[in-house]
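> what's the 3D shape of this:
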Amino acid sequence: MTLTRSELLKAAVTFCTSFSQGKDVESILALFSTTHPVAAVEHGDPSLAPFLGRTFEGKEGVKRYFEVIGSLLSYKNISFGEYAVDVEERKVAVKGKGTFTWIETGKAWDETFAYVLDFDEDAKLTRYQIWSDTGSAYLASKGGVEGQVSMQF
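Numbers count the residues shown, from 1 in each chain. Reported below is the predicted structural model:
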């Protein structure tokens, strides 16, 4: 079955809304495929944080990714916009923003991040990729960032 742009967009918005509303891990996992291999990967240097630079494979792996994130970070004011849908590849790219806090240090930062979401023929997630501000996450884990991080070139 070929998914329409609207069906892919709806699936992506449902996932992003579930994340932004802080739904429990089981509710988020229900949005992943049960008929195809699934994975989550947050791109970055694995030495900066335990959730970066490795692929969490299978439902248990994806569950572990969300558990690790939940144990280290809290977040608020998450919003998404600028969805780009590729019907042929069954992919949706989206930009998000929000405020994240490294729980142990209490240090927070504002961040813009991007997702690429791959879907199966039933509009269930198969691959969840994240590109985020890994430098700010690292600095927050060490107690050294507060507020908006900006770089001048």
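> all strands for the chain, in order.
Remark: strands assigned in the chain by DSSP state E are 39-43, 55-57, 73-86, 91-102, 107-119, 125-131, 147-148.
> those: which one's closest to Leu31?
strand 125-131 (5.5 Å; C-beta to C-beta). All C-beta spots, glycine's among them, are computed from the backbone N, C-alpha and C.
> flag every buried residue along the closest one.
Residues of strand 125-131 classed as buried: Leu125, Thr126, Arg127, Tyr128, Gln129, Ile130, Trp131 (neighbour count, 16 or more other C-beta atoms under 10 Å).
> just checking, the fourth one touches Ala40?
Yes - look at Tyr128 against Ala40 with C-beta atoms under 8 Å: they come within range, at 4.4 Å.
> intersection of neighbour lists for these two?
Val62 (C-beta atoms under 8 Å, 6 or more residues apart in numbering).
> give the contact list for Ala8.
For the record, residue 8 is Leu, not Ala. Leu8 touches Val85, Val87, Arg90, Val92, Phe119, Ala123, counting by C-beta under 8 Å, 6+ apart.
> okay, and the beta partners of the residue most central in space within the chain?
Nearest residue to the geometric centre of the chain (C-alpha atoms, centre = their mean): Ile130, 4.9 Å. Taking DSSP bridges as the rule, Ile130 bridges to Glu42, Tyr115.
> re earlier: please produce JSON lines containing the contacts of Leu8, extended by pLDDT, neighbour count and distance to Ser27.
Shown next, in JSON lines, are the contacts of Leu8 (pLDDT from 0 to 100; neighbours: other C-beta atoms under 10 Å; distance: C-beta to C-beta, whole Å):
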{"residue": "Val85", "pLDDT": "98", "neighbour count": "20", "distance to Ser27": "23"}
{"residue": "Val87", "pLDDT": "97", "neighbour count": "15", "distance to Ser27": "26"}
{"residue": "Arg90", "pLDDT": "98", "neighbour count": "19", "distance to Ser27": "22"}
{"residue": "Val92", "pLDDT": "99", "neighbour count": "24", "distance to Ser27": "19"}
{"residue": "Phe119", "pLDDT": "99", "neighbour count": "24", "distance to Ser27": "18"}
{"residue": "Ala123", "pLDDT": "98", "neighbour count": "20", "distance to Ser27": "16"}
